[in-house]
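Chemist: I would like to see how this sequence folds:
(one chain, ligands or ions: 2)
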Amino acid sequence: MAPSISISITNSNSINIRDFVVNKGHGVKGLAELGLKTLPCQYIHPPQERFDTGTPEAHHNSIPLIDMSRCNDPEVAEAICKAAQKWGFFQIVNHGVPMHVLEDVKDATHRFFGLSADEKKKYSKEQSVTNNVRYGTSFTPACEKALEWKDYLSLLFVSDDEAASQWPPICRNQVMEYMKGSEIIVKKLLEMLMNGLNVKEIDETKESNLMGSKRINLNYYPICPNPDLTVGVGRHSDVSTLTILLQDDIGGLYVRNTETMKWIHVPPVSGSLVVNVGDALQIMSNGKYKSVEHRVSANGIRNRISVPIFVNPKASDIIGPLPEMLQSGEKPLYKHVLYSDYVKHFFRKAHDGKATIEFARA
Ligand code: OGA
Ligand code: NI
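Modeler: Numbering: from 1, shown residues only. Ligands and ions are numbered 1, 2, ... in the order given. Predicted coordinates:
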């Protein structure tokens with residue numbers, strides 16, 4: 001049934017659109033389902049931020065695809081460290097997370113967004129009983145000149161008990177399985193990356209800085225009437241240590257090639273996970289590993305989902321270049337910052353490419 005609100009589709013009134021999508025909890029999914037023929041002006045991004053998907057770089061020039069089945073082979077570790085330096089992004093296959101776990105969390109994502117607006121709104125900023133569970137739309141609607149064509153559910157993992165009692169029942173078990181199922185590979189990747197920096201032992205402090213907390217987002221990018229005028233997610237880098245992203249078979253994630261500055265498509269590979277370096281690891285590695293700009297296009301034909309796990313420092317951790325990085329007299333590029341301050345800074349503004357990390361510049 002169509003939502004019973006007075007919304008002028010051809011001549012979209014700015015207050016009504018925002019109210020419908022953001023405040024009433026319909027999200028862009030609800031907007032898309034009204035059958036809009038044209039994109040509301042609130043979603044139109046400036047030309048320089050739009051996608052020119054007509055001229056992608058040649059297929060061979062994409063992020064590395066790394067087979068983790070021989071994960072004790074030094075060549076695999078080298079490929080990972082190299083990819084983290086050059087691209088900040090790579091994909092992994094044979095990573096040990098069972099296929100059914102990946103399929104189940106994708107299904108669970110579709111189920112959550114298939115709930116009514118009223119059901120989803122129970123997890124909105126206004127109604128959620130905990131700050132650790134948040135349903136929303138766009139990135140920071142209050143600060144954005146143009147909204148992003150995306151809805152999300154964001155889950156900060158605090159404990160098994162809290163997840164069991166607070167996460168939406170319609171998806172919580174599948175999200176937990178995915179989170180637990182990826183723990184081994186996350187640890188392995190961080191060990192390899194630390195080894196590549198000559199950090200041989202991950203003590204308690206380092207372990208907390210590298211993976212002291214976890215956030216999982218379920219992202220929903222509904223079909224968009226004018227995908228060429230808007231974005232699914234604007235240019236940004238993640239504030240994580242590492243992000244592990246599951247995407248479906250639709251595509252739309254683009255990564256900046258830091259040498260040519262061109263945008264490279266991350267092709268969906270069945271059963272793979274996309275891994276990227278976040279700002280926290282760029283800071284800790286004193287710039288050796290790159291947290292690279294990326295963005296997501298909107299799609300005119302299919303509804304897309306993705307499920308990133310953000311592996312983060314603990315909020316109360318102070319992060320900065322690791323002592324091992326400075327032993328041979330290298331100058332620190334970043335100062336020490338309280339991680340929660342860094343994250344607050346990220347969420348105080350609209351997406352703005354690589355600008356966030358300047359907050360930690362030495
Ligand atoms: C993100 C992100 C990419 C995607 O959530 O930070 O970059 O493909 N998502 O959804
Ligand atoms: Ni991202």
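
Chemist: ok, residue 175 - contacts?
Modeler: 105, 108, 155, 163, 167, 216, 218, 307 (Cβ atoms under 8 Å, 6 or more residues apart in numbering). To be clear about C-beta, it is placed using only N, CA and C from the backbone, and glycine gets the same treatment.

Chemist: give me every residue that touches the closest residue to the last one other than its chain neighbours.
Modeler: Spatially, and ignoring its direct neighbours in sequence, residue 307 is nearest to residue 246 (4.4 Å; Cβ to Cβ, 6 or more residues apart in numbering). Contacts of residue 246 were listed using Cβ under 8 Å, 6+ apart, and they are 102, 105-106, 178, 273-274, 306-308.

Chemist: Can you pull out the residues in contact with stretch 39-58?
Modeler: If you take Cβ under 8 Å, 6+ apart as the criterion, stretch 39-58 is touched by 12, 14, 17-18, 28, 31, 146-149, 224-231, 234-235, 254, 257, 260, 262-265, 297.

Chemist: one more time with 7 Å
Modeler: Contacting residues not belonging to stretch 39-58 are listed as 12, 14, 17-18, 146-147, 149, 224-226, 228-231, 234, 262, 264-265, 297 [Cβ atoms under 7 Å, 6 or more residues apart in numbering].

Chemist: CA atoms only: put that stretch into PDB for me.
Modeler: The C-alpha coordinates for stretch 39-58 follow below in PDB (Å, rounded to 0.1, in the frame of the first residue of the first chain):
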ATOM      1  CA  LEU A  39      15.000  12.600  -8.700                       C
ATOM      2  CA  PRO A  40      13.900  15.100  -6.000                       C
ATOM      3  CA  CYS A  41      16.200  18.200  -6.000                       C
ATOM      4  CA  GLN A  42      17.400  17.300  -2.400                       C
ATOM      5  CA  TYR A  43      19.400  14.400  -4.000                       C
ATOM      6  CA  ILE A  44      21.000  16.300  -6.900                       C
ATOM      7  CA  HIS A  45      24.800  16.400  -6.400                       C
ATOM      8  CA  PRO A  46      27.100  19.000  -8.000                       C
ATOM      9  CA  PRO A  47      28.400  17.800 -11.400                       C
ATOM     10  CA  GLN A  48      31.900  17.200 -10.200                       C
ATOM     11  CA  GLU A  49      30.600  14.700  -7.600                       C
ATOM     12  CA  ARG A  50      28.500  12.700 -10.100                       C
ATOM     13  CA  PHE A  51      29.600   9.500 -11.800                       C
ATOM     14  CA  ASP A  52      31.000   9.300 -15.300                       C
ATOM     15  CA  THR A  53      30.700   5.600 -15.500                       C
ATOM     16  CA  GLY A  54      31.100   5.600 -19.300                       C
ATOM     17  CA  THR A  55      34.900   5.600 -19.200                       C
ATOM     18  CA  PRO A  56      36.100   3.100 -16.600                       C
ATOM     19  CA  GLU A  57      39.800   2.100 -16.600                       C
ATOM     20  CA  ALA A  58      40.700  -1.000 -18.400                       C
END
